[in-house]
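In: Need a 3D model of the following:
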Amino acid sequence: MESTRTFLRVRPLNHVERKRKDKVAVVPGPGGQDVKVLTAVEGGRKMEAQTFLFDRVFGPTATQQEVFDECGVEGLIASVLEGYCATLFAYGQTGAGKTHTMTGDVEDPQGAGICSRAVACLFKQLRALTAARPEVRYTLKASYSEIHNEQITDLLDTESTNLNVRWSARQQAFFVENLMVVQCDDEGDMMAVLEEGLRNRRSASHDLNKDSSRSHTLFTIYVDIESMLHYDALSTPSEAVARFGKLHLVDLAGSERLKESNSLNETATETSYINKSLLVLGQVIAVLSTESRKGQHIPYRDSKLTKLLMDSVGGNTKTALIAAVSPASHSADESLNTVKFAMRAKN
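Out: Here you go, the predicted model:
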């Protein structure tokens, strides 16, 4: 795996934080690559500042287009169209702005998130490639799935629940059995997949966010590439070479502590599953990010999320992580945990 590119997005204070008179505890530096996190120590009698470096830090005024342009999504898409696998995650505490960053408002050109912009970028690049390489045939498909309490639901067919994860010896990867994968002939087809999935995503209310996403979602784009090789003087196609690219755009469920979220009963169980799968993801990234990992066990099989991402975060792949945080002093400890998670991925 190439080193994971890491980005931090600091959202503005929301109305609850302003009403509570929270102070700003996450301060982006003037250079756009460093951030200072202030946390209370010695029983709250003093503040401790820690500084971290990212590939890019986005402050509260950053636009959706700015985030898309500077997170290297165009490069991820270009590699997928060459037959590689890539993944982009959004990670952070509930209410920190992950879903706004990943999906935003799909009906608003200014508010649309990375997923919508990635679809537009994909077809723009595809048009340029097909014009330059008429001998190459591209077939695009998409799926949208949800992992909730370690059970997988097809967000394009919500009656398809508790789907099985199987191992493909041919592809050397895990896959979801009976998941609906839709061929997309144009941008409109792929946007229809995205919009249908968003309508069906699970959410629940608790103290950190009234519309908290309670599941991990994977919007996955598949690219089948067939190149015709020419050997004779008449340029007659004589052999086809197939390659396959895949892009996972992953909106992770919120990382949160039960105490902070005031989760009860079923929602508390959800929180436990969410935190367990995020822990496994962190362990996988930590091992992959270790230069001396030869012989180390990589716990892909410890969660369904990491099983499905196995072929897209290990090996010859490209990975990016956007950590989303609140700037509020009330959430400083959780913001610090999010930043440290991203640092482990980066290093």
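In: Bridge partners for the residue nearest the centre of the chain, pull those for me.
Out: Taking CA atoms, centre = their mean, the centroid of the chain lies closest to Phe89, which sits 2.1 Å from it. On the basis of DSSP bridges, Phe89 is bridged to Val250, Leu321.
In: Quick check: it vs Lys141, distance?
Out: 21 Å (CB to CB, to the nearest Å). (C-beta placed from N, C-alpha, C; glycine too.)
In: Which helix or strand contains Pro134?
Out: Pro134 is part of no helix or strand, with elements assigned from DSSP states H and E.
In: can you start the count at 57 instead of 1 from here on
Out: Understood, numbering begins at 57; the last thing we discussed is Pro190.
In: From Ser283, how far out is it?
Out: 11 Å.
In: Next: Ile378.
Out: 33 Å.
In: Neighbour count for these two, which is higher?
Out: The neighbour comparison of Ile378 against Ser283 (other CB atoms under 10 Å) goes to Ile378, with 26 against 15.
In: Against Val82, how distant is that one?
Out: In terms of CB to CB, Ile378 sits 15 Å off from Val82.
In: likewise Pro165?
Out: Per CB to CB, Pro165 is found 29 Å from Val82.
In: which of those two has more neighbours?
Out: In terms of neighbours (other CB under 10 Å), Val82 is the more surrounded of Pro165 and Val82; the figures are 26 against 12.
In: show me the contacts for that one.
Out: Val66, Val91, Lys92, Val93, Leu94, Val381, Ser382, Pro383, Ala388, Ser391 (CB atoms under 8 Å, 6 or more residues apart in numbering).
In: What residues are bridge-paired with it?
Out: Residues in beta-bridge contact with Val82 (DSSP bridges): Val93.
In: related to what we said a few turns ago, which ones among the contacts of Val82 lie within helices?
Out: Ala388, Ser391 (DSSP state H).
In: In ChimeraX, how would I select the buried members of the contacts of Val82?
Out: Burial among the contacts of Val82 is assessed by 16 or more other CB atoms under 10 Å; the matching ChimeraX selection reads:
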select :66,91,93,94,381,382,383,388,391
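In: Which phi and psi values does Asp125 adopt?
Out: Per-residue torsions, Asp125: phi -60, psi -40 (degrees, to the nearest 10).
In: Could you check how far stretch 110-120 is from the centre of its chain?
Out: Relative to the chain's own centre, stretch 110-120 is displaced by 16 Å; criterion: CA atoms, centre = their mean, to the nearest Å.
In: what's the answer for stretch 331-351, then?
Out: 16 Å.
In: Give the buried residues for it.
Out: So stretch 331-351, judged by 16+ other CB under 10 Å, has buried residues Asn331, Ser333, Leu334, Val336, Leu337, Gly338, Gln339, Val340, Ile341, Ala342, Leu344, Ser345.
In: And stretch 73-92, by the same measure?
Out: Glu73, Asp78, Val80, Ala81, Val82, Val83, Pro84, Val91.
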